[in-house]
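Q: Sequence and predicted structure, then a few things I'm wondering about:
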Amino acid sequence: MALYALRAEPDLTAPTLIVALDGWVDAGMAGTLAATQLADGGAVVATFDGDVLYDFRARRPTLEIVDGRLQQLTWPELALRRARVGERDILVLSGHEPDFHWPTLSAAIVELTGRLGVAEWISLGSIPAAVPHTRPVTILGTESAPGLLRGDIAPGPSGILRVPAAAISVLEKVVAEAGIPALGYFAQVPHYVSGPYPAAAVELLRAVGRHLGAEPELGTLPDEARQLRSRLDVAAASDDTTRSYVERLESMSDEARLPAGDDLISDIERFLRERGAEGPPGGPGSGRPN
């Protein structure tokens, strides 16, 4: 099946393909917020067939109603856009994690990367973790070969970690097997935070900047991060139990205790349960903070 439509075939020089999909490997929407910022204003290069990839009863389009009149439908989408970071060409693939046809999508992505001359793949994502909002965001990495990660970010956690696979990880693995260097930067997001966590998106963008050797635009994300930090500080200070819990997490963070595989699995399982209770991504409360 023709899974994608190429809108343009731009003249690119060894572009880096940066990918972020919503889903459980997008805690706090950090990966997709970062990808949206990177792709801001970028021309669409390719679109993917939503009728084939999505279950619209599980991931419903958003309907805008104005004064009782049905005005606009916004459908779940997966799109590839062109952008630049400094002097570097980049492509940004972002959108909703597909519900169906992951192997077919993988083959289409491999074909498209060859067609566009992609030189490397970078996944952006985020995972829930027992970390405090009062400390710098930690970035974990994945890499298809030693030495691909940059900026003092190490692959981890050590040992074997078995979790339900996300589509972005499936794509990263398939692309690497096709011979394209592939790596991922994944931010740790405090598991007690609900909704977007822009501080993690900022750190992902900085990780991309260190990797590419050029600083990307951060947009309004730093301001949003400061505003959320203030609200979380107030919430923690107003409740003794919450304050004690955050202080315990701070102590663990200050001791530089890296997460064990079992701890990560527990946090991910908790996150999955909470997402199941709240409904699919894109529901109420999933937008950016005011």
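A: Thanks, I have the structure now.

Q: start to end distance for stretch 140-152?
A: Distance across stretch 140-152, first residue to last, is 10 Å (CA to CA, to the nearest Å).

Q: What's the mean pLDDT across that stretch?
A: Stretch 140-152 comes out with an average pLDDT of 93.

Q: now it: how far from the chain's centre is it?
A: Centroid separation for stretch 140-152 versus its chain: 17 Å, with CA atoms, centre = their mean, to the nearest Å.

Q: For the stretch 1-150 of the chain, which segments count as strands?
A: 4-6, 16-21, 44-48, 62-66, 69-74, 78-85, 88-95, 120-129, 139-143 (DSSP state E, counting those that start in this stretch).

Q: Need the residues that contact the third one.
A: It refers to strand 44-48. Applying CB atoms under 8 Å, 6 or more residues apart in numbering, the contact partners of strand 44-48 are 3-10, 77-82, 91, 95, 98, 105, 108, 112, 116. For the C-beta atoms, the positions are set from N, CA and C on the backbone; glycine is no exception.

Q: picking that back up, and the strands of the stretch 1-150 of the chain: which comes nearest Tyr54?
A: Ranking the strands of the stretch 1-150 of the chain by their distance to Tyr54 (criterion: CB to CB) puts strand 78-85 first, at 8.6 Å.

Q: Next, the buried residues of that closest one.
A: By neighbour count with 16 or more other CB atoms under 10 Å, strand 78-85 contains the buried residues 78-83, 85.

Q: returning to that earlier point: same list, the strands of the stretch 1-150 of the chain, but as JSON lines with distance to Val170 please.
A: Output for the strands of the stretch 1-150 of the chain, formatted as JSON lines (distance: least, CB to CB, whole Å):
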{"stretch": "strand 4-6", "distance to Val170": "17"}
{"stretch": "strand 16-21", "distance to Val170": "10"}
{"stretch": "strand 44-48", "distance to Val170": "15"}
{"stretch": "strand 62-66", "distance to Val170": "26"}
{"stretch": "strand 69-74", "distance to Val170": "26"}
{"stretch": "strand 78-85", "distance to Val170": "14"}
{"stretch": "strand 88-95", "distance to Val170": "13"}
{"stretch": "strand 120-129", "distance to Val170": "11"}
{"stretch": "strand 139-143", "distance to Val170": "13"}
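
Q: out of those, nearest to Ala154?
A: strand 139-143 (6.3 Å).

Q: That closest one vs strand 120-129, what angle?
A: Strand 139-143 runs at 140 degrees relative to strand 120-129, counting by axes from the mean of the first three to the mean of the last three CA atoms, to 10 degrees.

Q: tell me what strand 139-143 is packed against?
A: Judged by 3 or more CB pairs under 8 Å, 6 or more residues apart in numbering; DSSP states H and E, strand 139-143 is in contact with strand 182-190, helix 198-212.

Q: now, of the ones you listed, which is deepest in the fold?
A: strand 182-190 (a mean of 26; mean count of other CB atoms under 10 Å).
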